[in-house]
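Enquirer: Pasted the sequence and its predicted model underneath.
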There are 2 protein chains.
Amino acid sequence: MNPKENIHPIEAPAGLRERKKRLAQAAIEEAALRLFQQKGYEQTSIQDVADAVTMSSRTFFRYYASKEEVLSGPIRSTQLDGIRYLQEAAPPASPHAALKSVFGYLAGQYQKQRPGLVLRYRIAGQTPSIASLFLYTLMETEPALCDALWSKFEIGVDRDEVRFLVAVYMAALRVSIEEWLELGEDTDLVDVLHRHMDRLSSMPPR
Amino acid sequence: MNPKENIHPIEAPAGLRERKKRLAQAAIEEAALRLFQQKGYEQTSIQDVADAVTMSSRTFFRYYASKEEVLSGPIRSTQLDGIRYLQEAAPPASPHAALKSVFGYLAGQYQKQRPGLVLRYRIAGQTPSIASLFLYTLMETEPALCDALWSKFEIGVDRDEVRFLVAVYMAALRVSIEEWLELGEDTDLVDVLHRHMDRLSSMPPR
DNA sequence: TTGACTTTTGTCACTCAGTGACATTATATT
DNA sequence: AATATAATGTCACTGAGTGACAAAAGTCAA
């Protein structure tokens, strides 16, 4: 574990207000995921979720900007962690080295979230708008990763090449996650990812 | 131009009904794109579009399943063309050769749609849900491409490897389109794509 | 503890996407 | 022209999401 170990240091419980907010947020997520699983995502209305935690539906939207955000939230914040990881990483030997490191880190983070991800991707499999959102949530971090990577080298690398590189590694991560979720609980996402990343070495059979 | 040149043979004008439907569809698309450009996508309601072509908003939804579909439609059908192209392609020398061929074909098809794509991607740039949809529209064809490719070889290739390969080429296409749209009108998408695909040969610097 | 201040919540009214049902109109067929 | 069939309009409805404002709860100082 190279750079910053604690990207999310555990904050002091702070005031009662803060604690209540966290509680409410957690309650919403729990209830929402449970209902999505039981009745299906589209068959679950915000009203259903709000009822389950006895709050008004208006309040739901003060915690989550949309119904979809309940599902994409953790993925999004993991991706943001990845950006920070790369920004704070020690000067890497090469772009490939840097990318292997970040994406390895990301795989490790996703690894920890398996149960939640299984659930989320099961819903994505049945709900195109959610599959669509997950793709976007992954790929929207590409520009920031490009910038971070670019700033490590400045010269000697082509900007468009960096963009492509990042996109390729992102494809590796995406495919790895899909595969890993289809396989049993005891498969290692980091391994799957490395298998794919290594393929890049022997890419074109010429 | 290898396999089937006419994937969309021009049908006879058929009856009046058919002609009217085509007219209506075209009128909707024209009006919608114009309004999206003028007022912005989110600021344009279906009612606005329907009014512009003097039809009820209910009828709009008989032509397009959603507001978004007006934008993703052509991309989707281009992707479907790609699938057919690969299915009907002559037995390729290698997976890479097959993929270079399909994605080259796709680039050629997109090349022809430049004006429309400029507009569509401009909207996507301002509307996350549309960017999200475009990503999905590209990537949702991956499984079918994998199947088609797989059926050309059957043995000697790993299914997961095929999946990764297709994803990598899709990343190349995606990045190429983005770059190509940012550059001037006279740049060649097929060239941009080939530049990226060639990079795969010298991928990992070891 | 009270009282003033700030944040959170609920209520209400609203816009807009999308859908099902049914009547109406236009095209197709013989 | 008469009849069958397909397209359109109308209406009523669900559900996501938002702005405005009032009520309730948490915070902090005296």
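Expert: Good, I have the coordinates.

Enquirer: I'd like the distance between the residue positioned nearest the centre of chain A and A:Gly82.
Expert: Closest residue to the average C-alpha location of chain A: A:Ile75 at 2.6 Å, with Cα atoms, centre = their mean. Here the criterion is Cβ to Cβ, to the nearest Å. By it, A:Ile75 lies 11 Å from A:Gly82. (Each C-beta comes from the backbone N, C-alpha and C, glycine too.)

Enquirer: tell me the contacts of A:Gln113?
Expert: Applying Cβ atoms under 8 Å, 6 or more residues apart in numbering or on different chains to A:Gln113 gives the contacts A:74, A:78.

Enquirer: hmm, 10 Å instead?
Expert: Contact analysis of A:Gln113 by Cβ atoms under 10 Å, 6 or more residues apart in numbering or on different chains lists A:74-75, A:78, A:120, A:189.

Enquirer: Give the buried subset of these as a PyMOL selection command.
Expert: Remark: buried members of the contacts of A:Gln113, expressed as a PyMOL selection using 16 or more other Cβ atoms under 10 Å in any protein chain shown:
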select buried, chain A and resi 74+75+78+120+189
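
Enquirer: With secondary structure, distance to A:Val166 and pLDDT added, can I get the contacts of A:Gln113 in CSV?
Expert: Below are the contacts of A:Gln113 laid out as CSV (DSSP: H, G, I helix; E, B strand; the rest coil; distance: Cβ to Cβ, whole Å; pLDDT from 0 to 100):
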residue, secondary structure, distance to A:Val166, pLDDT
A:Pro74, helix, 22, 97
A:Ile75, helix, 17, 98
A:Thr78, helix, 16, 98
A:Arg120, helix, 23, 98
A:Leu189, helix, 19, 98
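
Enquirer: The contacts of A:Gln113 into TSV, with extra columns for distance to DNA strand C?
Expert: Putting the contacts of A:Gln113 into TSV (distance: Cβ to the nearest atom of the strand, whole Å) gives the following:
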residue	distance to DNA strand C
A:Pro74	20
A:Ile75	23
A:Thr78	24
A:Arg120	22
A:Leu189	34
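
Enquirer: show me which of the contacts of A:Gln113 neighbour chain B.
Expert: Applying Cβ under 10 Å from any Cβ of the partner chain to these, one finds that nothing falls near chain B.

Enquirer: want to throw the contacts of A:Gln113 into CSV with distance to B:Ser56?
Expert: Output for these, formatted as CSV (distance: Cβ to Cβ, whole Å):
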residue, distance to B:Ser56
A:Pro74, 42
A:Ile75, 40
A:Thr78, 45
A:Arg120, 38
A:Leu189, 50
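
Enquirer: quick one: the helices in chain A?
Expert: A:16-39, A:46-52, A:57-63, A:69-88, A:95-112, A:114-126, A:128-139, A:142-153, A:159-182, A:189-199 (DSSP state H).

Enquirer: I'm done for today, thanks for sticking with me.
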